[in-house]
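# structure here, sequence nowhere to be found:
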């Protein structure tokens, strides 16, 4: 009885969080349009700085959409491995695109090294998952269960 109530509460919470992710994605898209309009209307063209800000906003919206996809896959009890990897890849690409080289050189070098380690880690993980067929095995099990 108590377990059933907790299960329903967790299910409700998952739906609320997924709905909030949709709201965040919509607000991010609206912010993107406003930011793009402000960037173009200020000078009449896009500067490299404004392009980076707009790209950052686009990639943030993509990260939120990937998080929503993870929530949907999780709620439908599907394998979330590939979705999590895609979200991680988009997040790292976002950091790579907006990478700033201003500041103390040692700090910039440490940030670059950390980003390189993240990229290698995601690449190796993706490779190992594909090689082991973990994603395909889980996908086949899901299709057989449906």
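Ah, there it is. Just so it is clear, the structure is predicted and the values come from calculations on it, not from any experiment.
# ok, residue 118 - contacts?
Residue 118 makes contact with 92, 95, according to Cβ atoms under 8 Å, 6 or more residues apart in numbering. Backbone N, C-alpha and C define where each C-beta goes, glycine included.
# now do the buried residues in the host helix or strand of it.
Counting by DSSP states H and E, the element that carries residue 118 is helix 105-132. Buried positions in helix 105-132, judged by neighbour count with 16 or more other Cβ atoms under 10 Å: 118, 122, 126, 129.
# for residue 11, state which of these is nearest.
Ranked by distance to residue 11 (Cβ to Cβ), those are led by residue 129 at 28.1 Å.
# report pLDDT for the closest one.
pLDDT recorded at residue 129 is 84.
# repeat for residue 46
pLDDT for residue 46: 79.
# do residue 22 as well
Note on residue 22: pLDDT of 95.
# so in the chain, which helix runs the longest?
helix 2-43 (DSSP state H).
# from the chain's centroid, how far away is that helix?
13 Å (Cα atoms, centre = their mean, to the nearest Å).
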